[in-house]
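>>> Sequence and predicted model, in that order:
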Amino acid sequence: MSPNYDVVILGCGEAGIFAAYELTHLHPGLKVLALDQGQDIYHRSCPIVAGKVKECIHCPVCHTMCGFGGAGAFSDGKFNFTTQFGGWLTDFIEPKEVMDLIDYVDSINVAHGATTQCFSTATPEAKALERRALAYDLHLLQARCKHLGTENNLRILTNIYEGLRDKLEFRFNTEVTHIAQADGGYRLTTASGEEISCRYLIAAPGRSGAEWFSNQCKELGLELLNNQVDIGVRVELPASVFEHITDVVYESKLVYRTKQYGDQVRTFCMNPYGHVVAENVEGINTVNGHSYADPALRSENTNFALLVSNRFTKPFNEPYRYGKHVASLSNMLAGGVLVQRFGDLVGGRRTNEHRMSKSFVRPTLTAAVPGDLSLTLPKRQLDNIIEMIYQLDKIAPGTANYDTLLYGAEVKFYSARLQLSAELETALPGFFAAGDGAGVTRGLAQAGASGVQAARAVVRRMG
């Protein structure tokens, strides 16, 4: 029996979107279906962001994580031109080809309204900052970066959606429950019991579908490598503390190896004049950050994540579950996201509402509950974070101030990684994997690039 569709794209996050764009651009005659359990770009509305509630109400499908645009839709839209971070595409593809793919994705964004302004670490000011950081054993990773802005990122995605919606079939609010090989291709079963067949499958499940996708791959007999999770906190402090850094490179990726344990700690997702936000990862409240391009929407604070990388060895094989468990402890104590002043943490005191009221730094996530991070994060990770804060204080005096705020927990889940070809094809013919949820990338740039790579491979097969 002939497949119902030439190609099915599983997930409408960044990887799925650019796979759809490339397929319809290179081969307009293909019959393509894109599925997502969330809403289209016009109907995604988190009750917290909309101001209807202060705390996560655990919607059946998280509007922040699912739908057209994926988890990146409500991010502040950092687009990094680099292979040093943001994914592992260079494990499969030559670095120059990866950069060409990233530039191509950027050109599509620009055509749909993205800025052309870039921040670079190659300027004299950035090089001086790099030298100063090295004096304290802090390593500034090199990359060009665009800041699209939370509001502009949504506008770009809306423009792309409008350009795609008539060129392929989208089905939103559609949960896929099972993937199986069938009839020279693949058969997907939805929660409603419908069966959808295709010749080629591009799986781009996104962060919200990572654990589900891992289980599907195991059932299909695909070998997985799954041994890493990053656990940490989100730091919030006056924007002036990091202004001399963010004005030069905006997204400063600083990496440090602690002296106490020899573990790697890094800054991540820097949001100058930004806002700390909560997000729901499969029922667990974690913390993240946003930053707007419009000055009228900015705050007086800067926030960024401090993450400790954890790699596990056999027999342990559930880092995703481990990370969710750590985050769930703060949920248990605070009913959501927990916040503590740095001075209280190092002094062994719980931050309470009275102490928080005396803080010079006002939290932008007002729903966060004052508490004690030492009761939620493992001691090793917490020791690493404290050491990193004191180290950052040497290049950004004020980082270790008493009233610097720490929100927890911030957990970055690294999805199970598959054995893939240079075309991002799995061991099963015609089955491709792309994006963050498939363990291939970690960020907008490489996620979009991976979608393009998989789509081009399909088009080559189709002729």
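All right, it came through fine. Numbering: from 1, shown residues only.
>>> Residue 195 against residue 186, yeah?
No. Using C-beta atoms under 8 Å as the test, residue 195 is too far from residue 186 to be in contact (10.7 Å). The C-beta positions use only the backbone N, C-alpha and C, and glycine is treated the same way.
>>> So between these two, which is more surrounded?
Comparing residue 195 with residue 186 by other C-beta atoms under 10 Å, the one with more neighbours is residue 186, at 24 against 12.
>>> Phi, psi for the more buried one please.
Here is the backbone geometry of residue 186 (degrees, to the nearest 10): phi -140, psi 150.
>>> quick one: pLDDT of it?
What the model reports as pLDDT for residue 186 is 97.
>>> cool, and residue 276?
pLDDT for residue 276: 95.
>>> Distance check, it against residue 347.
Using C-beta to C-beta, to the nearest Å, residue 276 is found at 22 Å from residue 347.
>>> Between the two, point out the one with more neighbours.
residue 276 (26 against 9).
>>> Is that one in a helix, a strand, or coil?
Following DSSP: H, G, I helix; E, B strand; the rest coil, the label given to residue 276 is strand.
>>> which intervals of the stretch 201-350 of the chain have sub-threshold pLDDT?
Low-confidence segments of the stretch 201-350 of the chain (pLDDT under 70): 226-227, 282, 317.
>>> mind listing the helices for it?
Counting by DSSP state H, counting those that start in this stretch, the stretch 201-350 of the chain has helices at residues 210-219, 239-249, 319-334, 342-346.
>>> could you dump the second one to PDB, C-alpha only?
What it means is helix 239-249. Only the C-alpha atoms of helix 239-249 are listed here, as PDB (Å, rounded to 0.1, in the frame of the first residue of the first chain):
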ATOM      1  CA  ALA A 239      22.000  45.000  34.900                       C
ATOM      2  CA  SER A 240      24.800  47.400  35.700                       C
ATOM      3  CA  VAL A 241      26.900  44.600  37.200                       C
ATOM      4  CA  PHE A 242      27.300  42.800  33.800                       C
ATOM      5  CA  GLU A 243      26.700  45.900  31.500                       C
ATOM      6  CA  HIS A 244      30.400  46.200  30.600                       C
ATOM      7  CA  ILE A 245      30.200  42.500  29.300                       C
ATOM      8  CA  THR A 246      26.700  42.300  27.800                       C
ATOM      9  CA  ASP A 247      27.200  45.700  25.900                       C
ATOM     10  CA  VAL A 248      30.200  44.100  24.200                       C
ATOM     11  CA  VAL A 249      29.200  40.400  23.500                       C
END
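>>> Next, the buried residues of that helix.
Applying a neighbour-count criterion of 16 or more other C-beta atoms under 10 Å, one finds 239, 241, 242, 245, 246, 248, 249 buried in helix 239-249.
>>> For the closest residue to the fifth one other than its chain neighbours, which residues are in contact?
Same thing as residue 246. Distances taken as C-beta to C-beta, 6 or more residues apart in numbering put residue 272 closest to residue 246, at 4.1 Å, once the chain neighbours are dropped. For residue 272, the contact set (C-beta atoms under 8 Å, 6 or more residues apart in numbering) comprises 239, 242, 243, 246, 250, 291, 302.
>>> ok, now how distant is the third one from residue 47?
Right, residue 243. In this view, residue 243 and residue 47 are 33 Å apart by C-beta to C-beta.
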